[in-house]
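K.L.:
structure for this input, please:
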Amino acid sequence: MPSPALAAALDDIDTVFNGFASPHETGCERCFRPEETARLRTPYVRVPLDVVERFVFKVPGHFADHAAVMRRLLPQTAHAMADGTLGGVGWGIHGLARVTWRTWPAEQASAVAAFVHAWWQDVLATPAPPYPVGDVFETCAMILGTLTPLLDRWEPGPVADAHLATCAASWQYELVTDRAPFSWWDPDDEPAVIAEHQAWLAEHAPARLRAAGESDLAVRAALLALPYDERWAHPYWYSPSATN
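P.N.:
The predicted structure follows:
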């Protein structure tokens, strides 16, 4: 069962994007069958989930009006993301990350942002979410174009801290070497994103990881606060057991 906030966000998506279509859509004739593309031109008709997946993760050049296609598919897409039935989360670039949805009418943009935020918070409170929490974090970050609201909502708690340990373990190798754990950031934005990610983990993660029994990860998270050369000169690397 989704949380009340996620259920409300999904209801809003259903209301705001109800009846949307891409009326002049031609689609990629090499990738989609005519009857599949026809569904994009037709409102109020459900699209088979496997077709939704193919549409959502295709690059914009496969469509005449990619933004209209994303709006057309949003209700089904959002529900499938929330219940874990949308394949591709965690390895493909989501279609919402390829459109400038923040420039859509305010009601539409607000519905998208509210859904992403609610989905993330629902996952943080779920011990065994349908997708790995790191995959959800990455999907939300690519759609929002920022880590900030996701990190701001990562409040302490037993379940959230267990997810933090999982993510910290998967991120630490790249971040300790000043690299991004994700490959899709604009290179011009990447240094600021890495710095924000490192700073948040160094400030917020050590105590929470230590309390969760992850003392080694706690030390590594704390090291992210140090300049690169000081980080690698730290005694931890030479005598980990003495610093844990």
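
K.L.:
which residue ranges of this protein form helices?
P.N.:
Counting by DSSP state H, the chain has these helices, from start to end: 4-16, 34-41, 49-56, 66-83, 106-124, 133-144, 148-152, 158-176, 190-211, 215-223, 228-233, 240-243.

K.L.:
mean pLDDT lowest for which of those helices?
P.N.:
If you rank the helices of the chain by mean pLDDT, helix 240-243 sits at the bottom with a mean of 49.

K.L.:
circling back to that earlier point, so for residue 96, which of the helices of the chain sits nearest?
P.N.:
helix 133-144 (4.6 Å; Cβ to Cβ). No exception for glycine: its C-beta is placed from N, CA and C like everyone else's.

K.L.:
if you skip the residues just before and after it, what's nearest to residue 16?
P.N.:
The shortest distance from residue 16 to any non-neighbouring residue, by Cβ to Cβ, 6 or more residues apart in numbering, is to residue 111 (4.4 Å).

K.L.:
what's the local residue count around that neighbour?
P.N.:
Using other Cβ atoms under 10 Å, residue 111 has 24 other residues around it.

K.L.:
sorry, back to before: dump the helices of the chain to TSV, plus distance to residue 89.
P.N.:
As requested, the helices of the chain are exported to TSV (distance: least, Cβ to Cβ, whole Å):
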stretch	distance to residue 89
helix 4-16	15
helix 34-41	21
helix 49-56	10
helix 66-83	7
helix 106-124	11
helix 133-144	5
helix 148-152	15
helix 158-176	15
helix 190-211	20
helix 215-223	25
helix 228-233	32
helix 240-243	35
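
K.L.:
closest one to residue 99 among those helices?
P.N.:
Of all the helices of the chain, helix 66-83 comes closest under Cβ to Cβ, at 4.7 Å.

K.L.:
for the closest one, name the packing helices and strands.
P.N.:
Helix 66-83 is packed against helix 4-16, helix 34-41, helix 49-56, helix 106-124, with contacts defined by 3 or more Cβ pairs under 8 Å, 6 or more residues apart in numbering; DSSP states H and E.

K.L.:
next one: that helix to chain centre, how far?
P.N.:
Distance of helix 66-83 from the chain centroid (Cα atoms, centre = their mean, to the nearest Å) equals 15 Å.

K.L.:
buried residues, that helix. List them.
P.N.:
Under the neighbour-count criterion of 16 or more other Cβ atoms under 10 Å, helix 66-83 has 66-82 buried.

K.L.:
residue 56 contacts residue 95, correct?
P.N.:
Yes - in this structure, residue 56 is within contact of residue 95 by Cβ atoms under 8 Å, at 4.5 Å.

K.L.:
which residues do these two both contact?
P.N.:
70, 73, 77 (Cβ atoms under 8 Å, 6 or more residues apart in numbering).
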